Structures are given as C-alpha cells and as structure tokens.
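Trainee: build the 3D model from these lines:
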Amino acid sequence: MKKGLQPGARAFERTPVLHNMSSPPKTMVKYAGLSGLVASPRANPRGAIPRNASSVFGTALRFCLPKALLGKSPALILKHLGVAAVGDAARQLSALINERANALALPEGCVVIADSADACVIWDDPLSVLAVLAKSSSSVWLRSKAPALHAAVQREQVVLLVPPLFTQNLPPPSSWKTLWTPP
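Mentor: The predicted structure is shown next:
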C-alpha cells in the first residue's frame, strides 16, 4: 500500500502565512513624537486643539445627523433634502453622498475619535453629515468608501480628527458653529 494521503483526507499546506510578524496580535502602538508641536489654542485656533496634547493632535470636527433622519429610508431622506426621487432612491442618495463627500474640504481619510465636548461643527447640513456618516466606520472615515446608507441613519453623530497640516484647508474658524472657549 502506498503511503501518503488516504482517500478523503485533507492535505495540510505548508505555505507561509502572510501576516505582520513584527508585533504580537492586538498590540496598540502609540506615537507622541509630534505632540510637542501643538500650539496654544489662543495662539492658533486653526491648528491647535483644546485638550491633552499628548493624546490627540489635530482638530476635532463633529457631524450630527438631524433627529428627523434617524432610521429613515433613502426615499424619505431624499424628500427631506427636497430632492425628487427618480428611480432607485438608494442609488440616487448614494450618488448625492459621493458628490458631497468629494466636495468636503477634508483629507482622503480621518480617524474617528470618541465623542468630544470641544469638537467643532463646520458642516451641519444633512447631506454633508450623511456623507461623513455613510463613509465612516467605528474607527475611520474614508472619502473613497462606498456609502453605507443603512449604517449612516443609525448613528446620531461622529467626530473626526483632522490632521494639523490639513486644518489650513478647513473654512475659517469664524464660520464654525461651535468653538471651544478656554476655561
């Protein structure tokens, strides 16, 4: 009898597994090398953040979905936006969200952070908020992500952390709806 695999047995492949060998799984990496560059909020309101500079470096922006849109269907959202639904409402709303996301003065990706009382509101129109919510996961916003409409209308808000070098592209602080005031 020939040695080797028996009929019906599964072969174990000894191919190399592709994974990151430099750190154990579930390792958290922190980098605070640039935190000393954070300016005082009084000196530079566009590039500084009003909280512990060693843990967060950037400008926190809040996007809040109006309560009237929570849990609503794409057809009802289009109606709320004053847009007549033509054909597939979900496809039409996704196209509007992609168009608005491309127009927002945000980087291609931002970190989603925990709720922050000092986060500023720059864009409060429902389409901008939907554009951010529909393209955000629990950890990151990506402009190129396909909109997740169902998930967007289930979240009330999201806070993005915009990197300091990108804050110059944001509208001027005088147009922000909510500004942090020093204690």
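
Trainee: what lies in contact with the longest helix along the chain?
Mentor: The helix that spans the most residues within the chain, counting by DSSP state H, is helix 89-103. Helix 89-103 is touched from outside by 73-75, 77-78, 81, 83, 85-86, 127-128, 130-132, 134-135, 143, 146-147, 149, with contacts defined as Cβ atoms under 8 Å, 6 or more residues apart in numbering. For the C-beta atoms, the positions are set from N, CA and C on the backbone; glycine is no exception.

Trainee: at 10 Å instead, please
Mentor: With Cβ atoms under 10 Å, 6 or more residues apart in numbering as the test, helix 89-103 has contacts from 73-79, 81, 83-86, 88, 123, 125-135, 141-150, 152.

Trainee: so which bits of it are buried?
Mentor: For helix 89-103, the buried set under the neighbour-count rule, 16 or more other Cβ atoms under 10 Å, comprises 89-90, 92-94, 96-98, 100-101.

Trainee: same for the helix or strand following that helix, what does it pack against?
Mentor: Per DSSP states H and E, the first helix or strand lying C-terminal to helix 89-103 is strand 109-113. The contact analysis (3 or more Cβ pairs under 10 Å, 6 or more residues apart in numbering; DSSP states H and E) places strand 109-113 against strand 59-64, strand 140-142, strand 157-162.

Trainee: now those in CSV, with distance to Cys110, mean neighbour count and mean pLDDT?
Mentor: Converted to CSV, these look like this (distance: least, Cβ to Cβ, whole Å; neighbours: other Cβ atoms under 10 Å; pLDDT from 0 to 100):
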stretch, distance to Cys110, mean neighbour count, mean pLDDT
strand 59-64, 8, 23, 90
strand 140-142, 5, 18, 93
strand 157-162, 4, 20, 91
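
Trainee: so for Pro107, which of those strands sits nearest?
Mentor: strand 157-162 (6.8 Å; Cβ to Cβ).

Trainee: packing partners for the closest one?
Mentor: For strand 157-162, the packing partners by 3+ Cβ pairs under 10 Å, 6+ apart come out as strand 59-64, strand 109-113, helix 126-134, strand 140-142.

Trainee: now tell me what touches it from outside.
Mentor: 49, 56-65, 105-107, 109-116, 118-122, 129, 132-133, 135-138, 140-141, 152, 169-170.

Trainee: and the residues you listed, which of them are buried?
Mentor: Buried among those (16+ other Cβ under 10 Å): 49, 56-65, 106, 110, 113, 116, 118-120, 122, 129, 132-133, 135-136, 141, 152, 170.

Trainee: so the nearest residue to Ala148 once chain neighbours are set aside versus Asp124, what's the distance?
Mentor: Spatial nearest neighbour of Ala148, excluding adjacent residues (Cβ to Cβ, 6 or more residues apart in numbering): Ala134 at 5.5 Å. Per Cβ to Cβ, to the nearest Å, Ala134 is found 16 Å from Asp124.
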